[in-house]
Structure formats: structure tokens, C-alpha cells
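In: Quick one, structure for this:
(chains A and B)
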Amino acid sequence: MVSLKRISVDFKVFSIGYLRNKFGLFFGLIFPVVLILIFGAIFSGGTGTINVYAQNQDTGAFGQNIGNQFLTALNESSTIKVITVDVSENFQDYLATHSVADGIVIPTNFTENYILEKQVNITVYGSPASSTSEIVMGTVNGYSNYFNLQRFNGTMIIGLTSATVNTKQTAYIDFLIPGLIGFSILTNPMFSLVNITADYKKNKLFKQLSLTPLTKIEWLIAKVLFYIALSVAGFLLMVGIGVFLFEAHITLSLWLIPFLFLGPLLFASLGMLVGTVAKNPETAGVIGNIVTFPMMFLAGTFFPIDIMPGYLQSIAHALPLFYVTEGLNNVMVYNNRSNALIDVTVLGIITLVIFVLAVKLFKWKED
Amino acid sequence: MFSIEVTNLKKSYGSSLKAVDNISFNVEHGEVFGLLGPNGAGKTTTIEIMEGLRARDSGNVKILGLDPWKDGYEVHKKIGVIPQDFTFFEKTTPKEAIDYYADLFNVKVDANAILKEVLLVEEKNHVFENLSGGQKQKMGLALSLVNSPDILFLDEPTTGLDPNARRAIWEVIRRLKTKGKTIILTTHYLDEAQQLSDRVAIMDHGHIVAMGTTEEIIQQYGSGERLEIHGSQQLTDYINANTELSGEYDTDTEIISIPLKKKIDMLAALAAAEQSGMKWGEIQTHQDSLEDVFIKLINEPLSEQEEEIETKTNKKGHR
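Out: Below you'll find the predicted structure:
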């Protein structure tokens, strides 16, 4: 008979030990938060604008300075922020000393030529190695067309409105949060159980525990419950930071519960399985890494799997973590319950298989 | 009634390694029983079978009348165990560990009393990984006491400890003995066995080669009491010629060694020596220690290298 009391007793001792281990605590809770802060800072907000150095050599004519108007218009675009460089500077040297590739030079007689409808060229500096240069070129080109049309009193007929599939806009951070929650649901129980199982086996600690009334199922359940609690704590922390610091758009629903429950159960069992079949702790560590690392990066944790080539996407579908991250995404980001149901079902089946296998192969005693 | 009855116990690992080969012994209630032997002799296998941690191939084992493999749960409630190289959760303190065990066994214990019993009061709030080797073993002892066991199994409880720590553990074991616990102790330290055990069994290659009180074993397998006189070959001949004794002379040590049947033989030997008018020096009597007997019984004492190989094969077998 499984005893709740013994589970809670083992849970308590394990939790106290875990909290005393600052290293574990760091990787369990703080590391995913650090990842969110780093990735969030890199990808949110700052991506929209590119700094472009511009030198306006245009002196103006007929009481106007079209060069200034052009730069002002560019600066008001959502993609470019113009930083003006004084005419006295040698522009190329200036770019070189400031280690920037993107720059615009408006020539001296720009206004005069514009008004007199004579051909005039804006020079755009860029680098083939820089991903921003093309955006700068495109934007400047767009505004040149607009100014050309204006000169002949033309009107823009085709315009663009930006939109995404859902009613609300999804940003990278919205995707990153479920991904990193999945990441910590994988890594915490997995690494810990691989390590503990192999270590306890080597040090005969399991043998010793087998001399108490505690059973192996009770022992495993206590670990699983602990990692569920840790995952929920991590979940709240990451969602909190995402929402309050990076204005992530997240849907919370009861549908999250099966993922937060099954995930740690699956990976704790998988960790125990690896620790059980490995001959010694060193081998266990290696097998654990071989199993864990592909999932850490290929199962939709740091980037959506849609951007990966087809064969990698197929691999992703074979990784158990994929159904956690995709499920979390379906619930939290897309609010797509029918897809989430598929994920839960697949995840449930994988979990059941791994759990049964782990419990069957895992032995307290030896023959 | 015996606390422990072992009859014709056998256990092999694989097809070749007979770890325990047909051994039988009984342990009385309240007795301290020492299992002695070199590494790889089969001590740990025997003790683990008695604890219900390992299945046996054949033979009978009764612990308080129960079969430890079939009735493991019942047996575990009544025994306490320190495995060889006891370890515990790194970040758990002795006090927490005792409470943990008490909750698992569903018994109420006074953790402080147990800690006092094993002389570990001062370290009760130190986490396991920071304890010294001796303190760790004491914590193991403390845990083995939580369920107030009738029988304690101590598998090499002092291996690798410094002399002071060993003596502290001995002290604890002696105290437990006075409380009437039956104790099974394996060790490869002969002084430890001699100090603590009421009876010992000496194991070698899976067999019991001698069993009884240490005095009985020394009497049976030892060479008895001898008188040793520092002297010469001539003196030896003189004593042999003029008494009923038969001394032997060792030219290297210049010692005459004379086996004594009775204590009074000593007087005859000394009188003859005095009568001879020859020079003779220091005298002393010598009796075989358990160690002498042990070395005699385990006819080829294992060298360090062989010991290592034995341990390795033993470990391989355990997997």
C-alpha cells in the first residue's frame, strides 16, 4: 500500500536538502529566470529600430531643405533611428571609427536638384555581412519613392497594414516563456534524477532505504511531487517576469495543469530510467546528456520549430519535450484547445510508458 | 531460541564465484557474533542475505523465526543495519535523519537520546557531507537504532576510521550489548573482533574455517603457551637433555622457544638453565593471539595486490 505519510516525509527531507543546495536552487529557479531576462532584453523592443548615421550635406535652396525633411521622415519610420553627423566630419572615417556599417549621405545640391527635377542620388552605406543593411536600403528606397511621387503630386495607392493570425500580436517573448518553462520542466527533474539514481545505486543508499518501510514507488512519487512544485514555482516566476517586465501576452487556463503535472512526472521517470540502466554515475551522466541536449534545443524551447528545416522538425516531433512546449504554446499563446488536447494525449501516453518502464526496471535490492 | 539460524547457506555470483559455500551457524539472543575474514571471504554477502537485501541460492535462514527474503518487511521492522561504507543524503543532518526514519517506521523516538547514545550530540545539526568518517558511521548507528531493533547488523563499522574514532564506535557497540541487543559484526580487524565479540566465525573463500569464542579458537588452532629464553644452541640442548621439555632454537633471534604443557613446566626449564651455568638473558612467555591463528588458518594471507583483485571480483559479482 502506498502511504501518503511516507511520501510526505520523504518529500520534506528531499525539499530541505534541495533548498540547502545553492547550486541546485540556482539551476532550478534562477537560471531560467536569467535566461528570460537575457533573451527578453535581446529580442523585445530593441529589434524595431536600427541606428543609422546620416550626414546631410544639403545646403538647401528656394527657402527649403528637402534633405532635412527626408531625414525627419526616415526618423519617424518604425524601423530607423537617424543619428546626424556634422558636415565637418569625413563621413567614411566617422563610420569606421564608430564601427558602424549603416549610413546615409545626402549630397550638397539635393534640394535644388529635387525642385528642378534633376536626377540626384542619396548614398547608402552598408555591409553585406550586416543583416540591418538591407532593411536600411529598403526603407530609404521606400521613402525615396514616396518623395519622388510627392514631387509630382502623386498619391500612394498601395499601402501596407501589419497584422498577425490571431486577434492579438505574438512577440518573441510570448513564445519564449512557454519554451523556457518547458526547458526547466525538462532539465530540473531529468538531471537531478539521473544523478540521484546513479549515485544512490553506487553508494548503496537504495539498499539502505529498502530496509525502511519506504517503497520505491513512494520514493519516486515524492520526487515527482517535488519537481511538480518546483515547475509550478518556476512557471509563476517566469510568467510574472514575462508579463510585468516584457509585457508578454499570455493566456492562463486550467489546461496548463496537465502539462505542469505530466512534464515533471515524465522527466523524473526518464531520469530514473537512465540512472537505473547505466552501470555507474559517469555513464549515467553521459547518457543523460545525450537524451537531454537534443530536447533542450530542438523541442521548441528557444526558437519555434517552424524556422527549422523539415528533417529537424521531424526529429522534434519525436522528442517528448516537444509535446510539453507545443502544448504550453497552444494554451498560453494561441489559446488553441483542440491542439492542446492532442499534445496532452501524446504526452500522457509517453509518460505512462516511461513511468511503467522506470518502475519495473528500477530495483531497491539485488538478487 | 536462537535469534539467527543459518543452515547450509549457499550463494554464487555467475557460474564460477562461490561467494558463500555451505555455511551454518546460530547466534544466540543477546550475543555479539563476529564474522571475520579477509576481503572477499563472503562476509558481506552473508550479512546481506541475513538482512533480506539479497536472495540466497539454497539453504535456510531464519531471523527471529522469519525468512528475511520472503518476510522482508516484517524482518526489517525488527533489525537495524549499517551497511559497509554507510552514506546518507548529503544535505541532511543527523537529527533530521533520525526524525525521517522515525516517521517512516511510524515510531516515536527521542532523537536526542539516540544521538547521545551514539555520542553524536554536538554534531546533530551538521549536514551529512560535513561530518567526519567516524561521525558518519555514528549517524549510521543512530539510524539503525531508530526502530528499537532486536538485532543489529554492523558491516565493517570501523573500516577506514582513525584509532580514536574506532574506539568511540567500540564504546557505542559495547553499550548496545549491555542493553541486550543481538549484534552481528563483520570486520577484518582482529583486535576489533577480539574486543567486542562473544563468539567469532572466521570465513575464507566462502567457508567457515573456525568458529567459537576467541579463547576456544586460539586453544584449538593455536600452538599454546611457550616460554622464550634468550640463549644459545648449547643451552637448548642442555634443557632438552635434562628436562622432559623440547625447546627449539632460532639462530637468527637467538631465542629458545619451549612449548609449555603446564605452567609449572616453566620452573623446570628455568631451573635447568640456571643449573647449566651458561649465559642466558631475557625471558618471556608467549601465547598465540587471534591474529596468529587467523594467519595460520587463512593459510596464504592475502597480499595487498591479491586483496584488491579479490575485492574487484567480489564487486563484479555484486552487480
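
In: make it CA atoms for all contacts and neighbour counts henceforth
Out: Fine.

In: so what are the domain limits for the chain?
Out: By default, I'm working from chain A. Per automatic domain parsing, the structural domains of chain A span A:4-43+A:171-361, A:49-151.

In: right idea, wrong chain: chain B
Out: According to automatic domain parsing, chain B comprises the domains B:2-220+B:292-318, B:225-286.

In: of all the ones you listed, which lies closest to chain A?
Out: The minimum distance between chain A and these falls on domain B:2-220+B:292-318, with 4.8 Å, by C-alpha to the nearest C-alpha.

In: Could you give the separation of that closest one from the chain centroid?
Out: 9 Å (C-alpha atoms, centre = their mean, to the nearest Å).

In: can you check stretch A:182-198 too?
Out: Distance of stretch A:182-198 from the chain centroid (C-alpha atoms, centre = their mean) equals 20 Å.

In: got a list of contacts for that stretch?
Out: The contact list for stretch A:182-198, computed with C-alpha atoms under 8 Å, 6 or more residues apart in numbering or on different chains, reads A:27-28, A:32, A:224, A:227, A:231, A:234, A:260, A:263-264, A:267-276, A:278, A:280-281, A:284-285, A:288, A:292, A:296, A:301, A:321, A:324-325, A:328.

In: same check, this time on stretch B:271-290
Out: B:190, B:194, B:214, B:217-218, B:222-232, B:235, B:238-239, B:242-243.

In: Now do the SS call for residue A:286.
Out: Local secondary structure at residue A:286 is given as helix here, using DSSP: H, G, I helix; E, B strand; the rest coil.

In: mind listing what it touches?
Out: No residues are in contact with residue A:286 under the rule C-alpha under 8 Å, 6+ apart.

In: how about a cut-off of 10 Å?
Out: Neighbouring residues of residue A:286 by C-alpha atoms under 10 Å, 6 or more residues apart in numbering or on different chains: A:194, A:274, A:278, A:292.

In: And the strands in the stretch 201-350 of chain A, which stretches?
Out: When assigned using DSSP state E, counting those that start in this stretch, the stretch 201-350 of chain A turns out to have no strands.

In: ok so, going back, just flag the most distant two among the contacts of residue A:286.
Out: A:278 and A:292 (15.1 Å; C-alpha to C-alpha).

In: Low-confidence ranges, chain A, go.
Out: Scanning chain A for pLDDT under 70 picks out A:44-48, A:159-170, A:366-367.

In: one more time with 50, if that's ok
Out: Scanning chain A for pLDDT under 50 picks out A:46, A:167.

In: What separation is there between residue A:206 and residue B:260?
Out: Going from residue A:206 to residue B:260 by C-alpha to C-alpha, to the nearest Å gives 54 Å.

In: Same check on residue A:24?
Out: Taken as C-alpha to C-alpha, the span from residue A:24 to residue B:260 is 69 Å.

In: can you check residue A:78 too?
Out: 111 Å.

In: Mind jotting down where the strands sit in chain B?
Out: B:2-13, B:17-28, B:32-36, B:58-63, B:79-82, B:151-155, B:182-187, B:199-204, B:207-212, B:226-230, B:248-250, B:255-259, B:283-286 (DSSP state E).

In: quick check: mean pLDDT across the last one?
Out: Just to be clear, that refers to strand B:283-286. Averaged across strand B:283-286, pLDDT comes to 87.

In: likewise the first one?
Out: Along strand B:2-13, the predicted confidence averages to a pLDDT of 93.

In: okay, the angle between it and strand B:182-187?
Out: 40 degrees (axes from the mean of the first three to the mean of the last three C-alpha atoms, to 10 degrees).

In: what inclination does strand B:2-13 have with respect to strand B:151-155?
Out: Using the same axes, to 10 degrees: strand B:2-13 against strand B:151-155 is 40 degrees.

In: Using the centroid of chain A, identify the residue furthest from it.
Out: Ranking residues of chain A by C-alpha distance from their mean position (C-alpha atoms, centre = their mean) puts residue A:62 at the top, at 53.5 Å.

In: Please, which helix or strand holds the residue lying closest to that residue once chain neighbours are set aside?
Out: Spatial nearest neighbour of residue A:62, chain neighbours left out: residue A:112 (7.6 Å); criterion: C-alpha to C-alpha, 6 or more residues apart in numbering or on different chains. Using DSSP states H and E, residue A:112 maps to helix A:110-115.
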